[in-house]
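# Just the structure for this:
(2 chains)
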Amino acid sequence: MSKKIVAVIDIGSLTARLKIFEINSAGRPKTLETVRLYTMVGTRSYRSGNIDAELLDEVCRCLDKFAVKCREYRVARVFCVATSAFRDAGNRDVILEQIKIRTGFRIEVLDNSMERYYQNLAVKEIMPNFRELVSNGTMILDIGAATMQATVYDKSEFIFSQNMVLGSLRIYEMLSDLQNRTMHYEDVLEEFIAQDLDDYHAVEPKGIIYKSLIAFGGEMGFIKRLAGLPSEESCIMSNETFTKVYEYLLKTRPSDLTLKDNIPSTVAPMLLPTALIIRNMTEYTGVDMIYFPHASLSDGVVYDYCSRTCGYQLAVNPEEELVRAARNVAKRYRTHRKHIEFVEKAALEIYDASAKLSGLKGRDRLLLRLSAILHEVGKFVHAKDHNNAAYALIRYTDLIGLDSDELDTIATVVRLYPSTNPYDDYDYRHLPPAKKVKVSKLTAMLRIADALDASHKEKVKKLTVTLQPDKLHISCEASADMSFEEWAFEHRSERFEEVIGVVPKLRIRRQL
Amino acid sequence: MADKRTKKDSPKTTGKTASKKTTVKSSSKKAPSKASAKKTTAKATAKKPAKKSGKSAKPVKKKDTGIGDNGSIFINRELSWLEFNDRILHEARDTKNPLLERLNFLSITASNLDEFYIVRVASLRDMQSIDFEQKDIAGLTVGEQLKRIDAKTRDLMSLMYSTYNRSLVPTLRQENIVICDYDELDLAAKRAADDYFKTVLYPILTPMAVDASRPFPLIYNRMLNICVMLEGNGIVSGGKEENASDNKEKDEQKEVNYVTLQIPNVVDRLFRVKTSDGFVFVPIEQVISANIGMLFFGQTVLASGCYRIMRNADLDIDEDEAEDLLKEIEEQVRKRRFGEIIRLEVEDDMDQALLDFIVEELGISRSDIFEVNGPIDLTFLSKVGSMVGKENYSHLRYPAHTPAAPAMFDESLENIFDQIREKDRIVHHPYESFEPVLEFVKQAATDPNVLAIKQTLYRVSSQSPIIASLLEAARNGKQVMVLVELKARFDEENNINWAKMLEKAGCHVIYGLVGLKTHSKITLVVRREEDGIRRYLHLATGNYNDITAKIYTDIGLFTASESFGEDASEFFNMLSGYSIPQGWRRLIPAPIWMKDYFVRKIRREADNALAGKPARIVAKVNSLVDGTIIKELYNASKSGVKIDLIVRGICCLRAGVPGLSENITVRSITGRFLEHSRIFYFYNEGHADLFLASADWMPRNLNRRVELMFPIEDPDCRDRVLEILEVELNDTIRAHFLEPDGNYSKVDLRGKVKLDSQEELIRLAQQAVADRYVETENMSFEPAAPVD
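Here you go, the predicted model:
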């Protein structure tokens, strides 16, 4: 009869937040209530590198309080996530265990990519005109307490994303003693930020004409409030208005912000670093309008849940987004587009046909697809050892929406697919058993898919893959002689049989 | 027994009493009472030391106490409060009021005054003791304030006792309700009284002797005591220095012993004798005095007399003025000996030596003595009504008031949630019954769809049905969160008990924010419905107290509006320690935003007036003290905003002063119901803003309390509230108007329609119910639409 109620707890660097959602019959979430507690977990864990006992107590107290609230609504499910404060703590695993024992909450520590994924997802869902905006050059700034993420869209496509250690709290922490050393704190701060942003500009794709800037995170609500806008709603600010706020922040001490503007003392010092970053980016991109969506990590988590289990249709399909992102990466490293497209298609055909036997499921198909798209990026660096180079490149690519383990799986598959004996590989031997199996299966598929276009000449015009009782039948209609491919295929099919349990047979029909 | 009834040798017939001078003297020197004249045996009839000051033989004239013609644009709040108590006394003196109700009003006047001394005067005395220099808003020093308060209080008290002696007692007698002295009783009645003493009073009396080895016992605040002087056995060897006057008695060197005993408060203050045609009442202290010999068998009672003290005992220092100095004051108070006595009341015929003894032992300043010619502590008068039988003498009481059914609700309150969901609803107590509020919590407790109930409790009645419902809700597995305000003055103990009980039952009890009293009145019910979570709210101007809801006029709003509900959730989150949200949708809380909000609203009216647009403010509050608000109102008045204020109690604003506040009127309504609702109306160029609130315009409400103000948006609800304002503004009977000089006067009725707002509101409430029936009938008899 009644609607499903779920809750998301988000333990950030500055605050712990509980958001309670009601999910309607169309699977769409609606916020019922939001509460937050200032914890400053980040402040202390960044400094010491660990979460100490006192901090642990505080987090548990917050969670106990949240538990009461969850009972109040008889919440069906609670998602409990933590971000950089936990991510970067050396003792996070023992702390998580402690928290689980003491409060019953199992906290999932999001890596950067997933955190950004949820944030971006929330923005895409909550900003009504997101699709319209990204049809032109758009920069998205997600300013967290510890790091920030700059993401670029153009022509409705994801172009690029880069993470930087430029979170508001981090900046404040690193520079707080500067305040005592210099009269020109702001100038130094600006220099500090500008230097990091320059590094970003160096790697950022060129030739994009920016029309809009979307900024969120970083206690943006207070910046909105200082501009006289509603803090709890999405809003648009002209560059001019923003400059006024920026200048006000420049000349107002954090303690005065607390007194005059009723901004919590824990947040006040973070506002100037946040504004500086936005200011720098508006100058760089030359946009007139800054969009401040009222979207949070928790929203993203719940939208993701709704799309997976409640039949909610997301505005932008995150898998398509990832595929587009991967293609952009492949393009950046100047891979052979047609070859890539063929291998991607072939790999998926093989995957689908052998699905019953392979035991792979769900996200694995996506991982194979992304591996196929990225399987030659290493050639940008080194012709022979391209697979090892690709591993590094992929690991250092921000593919928003993949968690770190998934990204590692892709990188490993790409590194191992050309290898005749991957079992000998040092890194492979150190993988956990389940991952060994998964990597082996994906590698085997990618290996034969790649073999079908070994010459990079796109000879195969039509491809059908069928699973028969004794073999996996791959039939190709080719436009040219396929001897090289046949040779490569035979060479590589042995391992497929070993890990999937069926012999792949290639049958070629020459088109005349 | 030699002399049982020491002082009762001067029987106080009502006639005699009435002839007495009805002035409360500042313990002026007086002719030795008969009692002392008769037995100035042992005691050195020491002349009282000449009073230092303040004891002007004549009471200070009203004009001089006038609430401050010291050129200030503000009125001192204490004096304004005393003015308010004057208005209550006025009700006691008003012969148009039923007699027993007048007794009640006098009793209220007396208990108000007690409370005033304990809280306000005590605070001022504290300030004085640390030489607090700062002047109040009206420019008076602490010393000046105390001086004026003292003068005004003496006036007030003499008027109270003259009302009692000259008006109430004789009139009661005409109704065969006799309040008299023991000596006036006939023999049978005396025997009954003596018997009452032997069987009831005697066992519970604890006389406490005072001598070298037994120091004067601790005398409790506001308790009535009798002090007795006994002839001792030994001879004093020239102990007393100045035994000037009386040498005629031989045994004047005889030792004297003193005993004090507390009049028990577990029995009624009045001893009642039923006569053939009525009742006779005697204060029990007289019954005790008359039989006092029984307590001191074998000893001679030389004199006895009643007294009562008020001490600055509780650390309940009023935060209003002290503000920043509160800490320091508390410190000072702690250092000082426990509870300085700030006031002593004695009967004006008390034996001089006995008085000297008390004054000396208790270390009382002579200027703090109040002599009264009648029973000390008139609060007992409120009991007379019930002691003559609640069903008797109905002609001497207000016609019974049964609250009308709440007109905005359906006849049946079943499924109250559906009704609230349908539209917002207003209830106005006590004109309408409190039932919807009780029913709201009760149904929430049992409704299986209700997930949570959250409520703020400030003052609840004992046996509160609300508490019972909350307990039930907790038993039914609902999440119950209750904010119990422990700091509710004079209710602390009661509240702690409830809090413990609720906690035991599994409710989540919280005690509010540190340093802030939680004064808001709000109930939030979270309900899981077909189409999702829905929040139901009750917001009110008065407490969740079903008893006071029969006397206090308060307005409550029921709503299921989403934005109200979201704010309410945030409000409770704030109370339970979550961070304060950055902005709310409908509710305006104090101390964070309310004051600014008022200022902005007042300024907007002022701006509109300056722009030549019509501008008006109507506000109904209990007290208007806040300096900022008053200044804004003055400015608005100067800008041409028409301002009508209905302020029941303290009002520090001067009304109708040319060049300052000529556009402001202030009226105070006193009557059988205690005006308690707070309503705010701003014209806003025709888009009137209408609010209700739990807060008064006082610094303590706006700065140091958690309060809520809420807009009334539903058109029907707005009509209801506007109607209330309109009726009260048209009142010509109950309203007292504040004049520029700070005094209050009633309207000259000539040529005006007589309108008693409280009576009118009773009528309108009944009318509304009647109208509802008419509507229903109309509906049921509506002809069916023709079928074509």
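# Every contact and neighbour count from this point should use C-alpha atoms.
OK.
# in the chain, which segments are predicted with low confidence?
Reading this off chain A. Applying pLDDT under 70 to chain A picks out residues A:1-2, A:175, A:177-180, A:182-183, A:218, A:512.
# think we crossed wires, I meant chain B
Checking chain B against pLDDT under 70 turns up B:1-71, B:233-254, B:313-339, B:462, B:486-495, B:512, B:514, B:773-788.
# Spell out which parts of it neighbour chain A.
Selection of chain B residues close to chain A by C-alpha under 8 Å from any C-alpha of the partner chain yields B:451-452, B:478-479, B:528-533, B:566, B:569-570, B:573, B:578-579, B:582-583.
# all strands of the stretch 51-200 of chain A, in order?
A:77-82, A:108-109, A:137-143, A:148-154, A:157-164 (DSSP state E, counting those that start in this stretch).
# now, of these, which is deepest in the fold?
Of all those, strand A:137-143 carries the top mean neighbour count, a mean of 25, counting by mean count of other C-alpha atoms under 10 Å in any protein chain shown.
# I'd like the distance from it to the chain centre, please.
The chain centroid and the centroid of strand A:137-143 are separated by 14 Å, computed with C-alpha atoms, centre = their mean, to the nearest Å.
# Send me it as PDB with only the CA atoms.
Below are the C-alpha coordinates for strand A:137-143, written out as PDB (Å, rounded to 0.1, in the frame of the first residue of the first chain):
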ATOM      1  CA  GLY A 137      30.600  23.400 -23.700                       C
ATOM      2  CA  THR A 138      30.000  23.000 -20.000                       C
ATOM      3  CA  MET A 139      32.300  22.600 -17.100                       C
ATOM      4  CA  ILE A 140      31.100  20.900 -14.000                       C
ATOM      5  CA  LEU A 141      33.000  21.600 -10.800                       C
ATOM      6  CA  ASP A 142      32.300  19.300  -7.900                       C
ATOM      7  CA  ILE A 143      34.100  20.900  -5.000                       C
END
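# helices and strands around that strand, which ones?
Here strand A:137-143 touches strand A:148-154, strand A:210-217, going by 3 or more C-alpha pairs under 8 Å, 6 or more residues apart in numbering or on different chains; DSSP states H and E.
# What pairs with it, parallel or antiparallel?
When pairing is defined by DSSP bridges, strand A:137-143 lines up against strand A:148-154 (antiparallel), strand A:210-217 (parallel).
# give me the element residue A:453 is part of.
Per DSSP states H and E: residue A:453 is located in neither a helix nor a strand.
# Based on its surroundings, how many neighbours for the closest residue in space to it that isn't next to it in sequence?
Among residues not flanking residue A:453 along the chain, residue A:485 sits closest, at 6.3 Å (C-alpha to C-alpha, 6 or more residues apart in numbering or on different chains). Around residue A:485 there are 21 other residues, counting by other C-alpha atoms under 10 Å in any protein chain shown.
# do the same with the one 5 residues further on
Other residues within reach of residue A:490, judged by other C-alpha under 10 Å, total 14.
# count of neighbours near the one residue in the stretch 151-300 of chain A that gets nearest to chain B?
Distance from chain B to each residue of the stretch 151-300 of chain A (C-alpha to the nearest C-alpha) is smallest for residue A:231, at 6.7 Å. By the measure other C-alpha under 10 Å, the count of residues near residue A:231 is 21.
# Wait, a strand at it?
No - counting by DSSP: H, G, I helix; E, B strand; the rest coil, residue A:231 falls outside a strand, being coil.
# Find the closest residue to chain A in chain B.
residue B:530 (4.9 Å).
# you'd agree that residue is up against residue A:3?
Yes - contact criterion C-alpha atoms under 8 Å: residue B:530 and residue A:3 qualify, at 7.4 Å.
# Compare the two (neighbour count), which wins?
Comparing residue B:530 with residue A:3 by other C-alpha under 10 Å, the one with more neighbours is residue A:3, at 18 against 11.
# State the distance from the more buried one to chain B.
For residue A:3, the distance to chain B (C-alpha to the nearest C-alpha, to the nearest Å) stands at 6 Å.
# what sits against that residue?
By C-alpha atoms under 8 Å, 6 or more residues apart in numbering or on different chains, residue A:3 lies in contact with A:22-25, B:530-532.
# of those, buried ones?
Burial by neighbour count, 16 or more other C-alpha atoms under 10 Å in any protein chain shown: within the contacts of residue A:3 this picks out A:22-24, B:532.
# Am I right that residue A:100 is in contact with residue A:94?
No - if you go by C-alpha under 8 Å, residue A:100 and residue A:94 don't touch, sitting 9.8 Å apart.
# Those two: which is more packed in?
Each of residue A:100 and residue A:94 has its neighbours counted (other C-alpha under 10 Å); residue A:100 has more, 14 against 11.
# Skip the chain neighbours and tell me the closest residue to that one.
residue A:106 (5.3 Å).
# and residue B:715, how many neighbours does it have?
10.
# Against residue B:721, how distant is it?
10 Å (C-alpha to C-alpha, to the nearest Å).
# Next up, identify which helix or strand residue B:468 is on.
helix B:465-475.
# name the helices or strands packed onto that helix?
Counting contacts by 3+ C-alpha pairs under 8 Å, 6+ apart, helix B:465-475 is packed against helix B:435-446, strand B:479-484, helix B:492-504.
# any idea which of those is most buried?
strand B:479-484 (a mean of 25).
# Which residues outside that strand are in contact with it?
Contacting residues not belonging to strand B:479-484 are listed as A:71-72, B:451-458, B:470, B:473-474, B:495, B:499, B:506-512, B:575 [C-alpha under 8 Å, 6+ apart].
# dump the residue contacts of residue A:330.
Per C-alpha under 8 Å, 6+ apart, neighbours of residue A:330: A:373-374, A:376-377.
# quick one on the thing from earlier: tally of neighbours for the residue nearest to residue A:100?
Using other C-alpha under 10 Å, residue A:106 is surrounded by 16 other residues.
# Does it touch residue A:78 like I think?
No - between residue A:106 and residue A:78 there is no contact under C-alpha under 8 Å: 9.3 Å.
# and chain A, which of its residues are near chain B?
Going by C-alpha under 8 Å from any C-alpha, the residues of chain A near chain B are A:1-3, A:22, A:24, A:32-33, A:35-38, A:71-74, A:222, A:230-232.
# Of those residues, just the buried ones, ChimeraX syntax please.
To isolate the buried members of those in ChimeraX, using 16+ other C-alpha under 10 Å:
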select /A:3,22,24,32,33,35,36,37,38,72,73,74,222,230,231,232
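# now the contacts of residue A:3 as a markdown table including secondary structure and distance to residue A:244?
Listed next are these as a markdown table, based on DSSP: H, G, I helix; E, B strand; the rest coil; distance: C-alpha to C-alpha, whole Å:
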| residue | secondary structure | distance to residue A:244 |
| --- | --- | --- |
| A:22 | strand | 38 |
| A:23 | strand | 40 |
| A:24 | coil | 41 |
| A:25 | coil | 44 |
| B:530 | coil | 48 |
| B:531 | coil | 44 |
| B:532 | strand | 42 |
